[in-house]
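Visitor: have a look at this prediction, sequence included:
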Amino acid sequence: MEKLKASYWGTLPTSSINAYGQKQKMPLYFFDSFEIQSISFGRPLFKEIASTNYLSGIVRKNILGTNILNLLFWKFSIDEEKMILFSNKDMTLLKKETEGYAKIENGAHDKIELSFPPVQESCKLYLDLGYNGEIEIDKKIFTQLAKQFSYKKVLAVQTQTTNDTIYVFDGLDIQWNGILVPDCQVIHRSKGNLTLIGAEFMHRFNFVLAYGAHKENSHHEIGNTDDLYIKPVNNFDSIKSIPYISNFGFAIGTLNKELLISDTEIGGLAEATGLKIRDKLLSIDNGAFDLNIENRHKNFIEYLADKKQVAVQIEREGQIMNIQITKSRH
């Protein structure tokens with residue numbers, strides 16, 4: 001926040017418990033002005049998520065909270081690669097912009113029901129565009145899915161001293177509002193019990209977040225509702241999930257702004273070759289992959305997709321090591 005020249009305002013009055021079990025207050029910052037395109041939002045307060053906060057493992061990018069979102073209608077036209085903002089007082093424009101869309105009443109606020117047809121199970125999840133994954137489920141639904149589907153078990157860095165275990169299902173079909181969504185990725189975190197629909201899942205839909213939309217009841221009284229409108233994108237049937245971890249059994253990320261091996265598949269190639277989480281990452285294939293590229297995770301997964309081997313240079317306890325991982329011929 002300070003690098004963006006924000007001014008320190010103070011801290012939230014109540015403390016939360018961080019990843020080390022310590023009490024921690026969340027600092028707040030503001031800018032002299034905050035605008036999206038030509039729309040001014042005055043001087044809202046922004047929270048800083050510290051690396052020791054549990055949320056830091058989930059909130060990997062800066063996000064806008066509901067206090068900002070509630071001021072407008074937000075249309076995400078994925079097909080047009082546009083985000084359209086308009087007044088949440090203009091119901092005529094909302095009707096026009098959502099023509100052909102399915103309406104999920106209060107879907108932008110309340111939990112949304114998804115079902116897993118193969119196991120005849122359903123669960124309710126919150127839509128959270130700050131979450132970069134597809135679907136995250138709690139222990140209950142994980143237990144049901146695990147009885148029928150295979151999954152990968154991934155050891156992931158959580159903080160400097162703590163890890164988490166991530167269970168990853170690939171290629172699951174999900175039913176949402178009468179729409180079959182094929183080839184989805186579903187994960188469960190052993191240290192969390194969240195149920196989330198994330199940004200990657202919503203890339204399959206054009207959608208409108210209709211915050212504060214007016215609703216008239218049978219007594220002609222006007223109330224507000226936070227509705228969600230969805231419409232599958234043009235290439236809906238061809239979309240596939242971005243793998244959570246590379247087919248070499250590891251992923252890269254940052255912790256405290258330092259590049260490192262962030263995840264390893266338990267029983268995977270990388271682990272068998274000796275690569276460990278928290279190894280400081282120096283290069284991939286002698287610099288052939290740019291570690292400073294945007295959308296690093298996605299581009300790294302795509303870079304390795306068709307490769308038979310990869311050379312990883314890391315530093316561990318002050319020692320530089322070169323590790324080559326090769327796929328089996330079988």
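Guide: Everything's here; your move.
Visitor: helix/strand/coil for the most centrally placed residue in the chain?
Guide: To find the centre residue of the chain, average its C-alpha atoms and take the closest one (CA atoms, centre = their mean): that gives Asn132, at 1.5 Å. Assigned by DSSP: H, G, I helix; E, B strand; the rest coil, the conformation of Asn132 is coil.
Visitor: for Arg296, see how far away it is.
Guide: Relative to Arg296, Asn132 is positioned 12 Å away (CB to CB, to the nearest Å). Glycine gets a C-beta too; all of them are placed from N, C-alpha and C.
Visitor: repeat for Leu45
Guide: Leu45 sits at a distance of 29 Å from Arg296 (criterion: CB to CB).
Visitor: between those two, tell me which one has more neighbours.
Guide: Arg296 (17 against 14; other CB atoms under 10 Å).
Visitor: give me the phi and psi for the more buried one.
Guide: Phi and psi for Arg296, reported as degrees, to the nearest 10, are phi -60, psi -40.
Visitor: quick one, what contacts Gly274?
Guide: Under the criterion of CB atoms under 8 Å, 6 or more residues apart in numbering, the contact partners of Gly274 comprise Ile323.
Visitor: could you check the pLDDT of it?
Guide: The pLDDT attached to Gly274 in the predicted structure is 95.
Visitor: sec struct for Ile187, please.
Guide: The three-state label given to Ile187 by three-state DSSP is strand.
Visitor: how about the strands of the stretch 151-300 of the chain, start to end?
Guide: For the stretch 151-300 of the chain, applying DSSP state E, counting those that start in this stretch gives strands covering 152-157, 163-176, 179-189, 196-197, 205-216, 222-232, 250-255, 258-265, 280-284.
Visitor: just checking, what packs against the last one?
Guide: Here strand 280-284 is seen to pack against strand 258-265, strand 309-316 when contacts are counted using 3 or more CB pairs under 8 Å, 6 or more residues apart in numbering; DSSP states H and E.
Visitor: what is the first one packed up against?
Guide: Based on contacts counted as 3+ CB pairs under 8 Å, 6+ apart, the elements that strand 258-265 packs against are strand 152-157, strand 250-255, helix 269-273, strand 280-284.
Visitor: gap between that strand and the chain center?
Guide: Relative to its chain's centre, strand 258-265 lies at 17 Å (CA atoms, centre = their mean, to the nearest Å).
Visitor: what's the spacing between Phe116 and Ala210?
Guide: Distance, Phe116 to Ala210, using CB to CB: 27 Å.
Visitor: which one of the two has more residues nearby?
Guide: Each of Phe116 and Ala210 had its neighbours counted (other CB under 10 Å), and the higher figure belongs to Ala210 (26 against 23).
Visitor: per-residue confidence for that one?
Guide: According to the predicted model, the pLDDT of Ala210 comes to 93.
Visitor: list the residues that contact it.
Guide: With the criterion set at CB under 8 Å, 6+ apart, Ala210 makes contact with Phe73, Asn88, Leu94, Thr98, Ala108, Thr225, Asp226, Asp227, Leu228, Tyr229.
Visitor: bridge partners for Ile252, pull those for me.
Guide: Ile261 (DSSP bridges).
Visitor: close enough to count as contact, it and Asn299?
Guide: No - the criterion here is CB atoms under 8 Å, and Ile252 misses it with Asn299 at 10.4 Å.
Visitor: who has more neighbours out of these two?
Guide: Taking other CB under 10 Å, Ile252 and Asn299 do not tie; Ile252 has more neighbours (20 against 13).
Visitor: for Arg278, see how far away that one is.
Guide: With distances defined as CB to CB, the gap from Ile252 to Arg278 amounts to 12 Å.
Visitor: next, count neighbours for Phe31.
Guide: For Phe31, the count of nearby residues is 17 (other CB under 10 Å).
Visitor: phi, psi for it please.
Guide: The main-chain torsion angles of Phe31 are listed as degrees, to the nearest 10 and equal phi -110, psi 160.
Visitor: cool, Asp306 as well?
Guide: Geometry field for Asp306 lists phi and psi as phi -110, psi 10, criterion degrees, to the nearest 10.
Visitor: and the gap between it and Ser246?
Guide: Separation of Asp306 from Ser246 (CB to CB) stands at 12 Å.
Visitor: check contacts around Ile137.
Guide: For Ile137, the contact set (CB under 8 Å, 6+ apart) comprises Cys123, Leu125, Leu145, Val186, Ile187, His188, Thr195.
Visitor: now those in CSV, with pLDDT, distance to Asp32 and neighbour count?
Guide: Conversion of the contacts of Ile137 to CSV gives the following (pLDDT from 0 to 100; distance: CB to CB, whole Å; neighbours: other CB atoms under 10 Å):
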residue, pLDDT, distance to Asp32, neighbour count
Cys123, 89, 44, 18
Leu125, 95, 38, 21
Leu145, 93, 49, 19
Val186, 96, 43, 26
Ile187, 96, 40, 23
His188, 96, 43, 25
Thr195, 93, 38, 20
